[in-house]
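J.: predicted model and sequence follow; I will ask about them next.
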Amino acid sequence: MPTTTSREELLDTIEKEAVFLEKEYHGCSRCVLIPLQKHLGIGNSAVARAAAPLAGGIALTGDTCGALLGGLLAVGLVMADDNIEDNQAFLDTMAAGFRFHRRFQKAFEATTCRDLQTAKAGKYYSMAKPEEYKEFVALGGYEICSALVGKAARLAAEYILELNDKGALPVKLSV
């Protein structure tokens, strides 16, 4: 990333790319994670691939929002230690994840795909049921989800950059 890019420009870029990815390719969890990885220099493509089944509220079940999970994966990438025996790193990562979860809940007033769809679209559409999925697409469901995905990616980026600024990350990001 060029050093001339401001923090606001970086956040705007991450948000816009997440919106684009969700509209074009779908998969809220990976669409949040990919621009965070690209612009913050974290993780690799295997992590984004592993995030794919988390979409639709965890494998189309309507449970925890995939955009939240994508953000949590990014938090884990910057906080967690490769050494599974490092209990303090684990506890620090859990605390950071807890704080991000609260920020997401405060920003969106819900954390499940089911509740977020109901709030934004008036009802829940099961992505696992072909007829409901068709209704979701017809009503512009991907426009609704794309906006949320973009905001979630921005929220995660803001949080990770705050952690970086405070020196709370095990390795300082080069942004």
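T.: Alright, I've got the coordinates. Just so you know, these numbers come straight off a predicted model, no measurement behind them.

J.: all helices for this structure, in order.
T.: 7-24, 28-40, 45-51, 66-79, 87-108, 113-121, 130-138, 141-165 (DSSP state H).

J.: how many neighbouring residues does the closest residue to residue 72 other than its chain neighbours have?
T.: Once flanking residues are discounted, residue 72 sits nearest to residue 97: 5.3 Å by C-beta to C-beta, 6 or more residues apart in numbering. Every C-beta, even on glycine, is put in place using the N, C-alpha and C of the backbone. Each residue near residue 97 was counted by other C-beta atoms under 10 Å, and the total is 17.

J.: hmm, back to that, show me the one of the helices of the chain that comes nearest residue 57.
T.: helix 113-121 (2.8 Å; C-beta to C-beta).

J.: what's the closest one packed up against?
T.: In this structure, helix 113-121 packs against helix 141-165, with contacts taken as 3 or more C-beta pairs under 8 Å, 6 or more residues apart in numbering; DSSP states H and E.

J.: as CSV, the helices of the chain with distance to residue 173 would be great.
T.: Below are the helices of the chain laid out as CSV (distance: least, C-beta to C-beta, whole Å):
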stretch, distance to residue 173
helix 7-24, 11
helix 28-40, 6
helix 45-51, 16
helix 66-79, 7
helix 87-108, 14
helix 113-121, 29
helix 130-138, 36
helix 141-165, 5
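
J.: pretty sure residue 7 contacts residue 160?
T.: No: with contacts counted by C-beta atoms under 8 Å, residue 7 stays clear of residue 160, the gap being 11.8 Å.

J.: which of those two has more neighbours?
T.: For residue 7 versus residue 160, neighbours defined as other C-beta under 10 Å are more numerous around residue 160 (25 against 12).

J.: just give the closest residue to that one, not the sequence neighbours.
T.: Using C-beta to C-beta, 6+ apart and skipping the chain neighbours, the partner closest in space to residue 160 is residue 78 (5.5 Å).

J.: next, the contact list for the closest residue to residue 33 other than its chain neighbours, please.
T.: Spatially, and ignoring its direct neighbours in sequence, residue 33 is nearest to residue 70 (4.2 Å; C-beta to C-beta, 6+ apart). Each residue near residue 70 by C-beta atoms under 8 Å, 6 or more residues apart in numbering is listed here: 28-33, 36, 51, 54, 152-153, 156.

J.: looking at neighbours, which among those residues is most surrounded?
T.: The member of those surrounded by the most neighbours (other C-beta under 10 Å) is residue 32, with 38 neighbours in all.

J.: with adjacent residues omitted, what lies nearest to that residue?
T.: Computed as C-beta to C-beta, 6+ apart, the closest residue to residue 32 that is not its neighbour in sequence is residue 70, at 3.1 Å.
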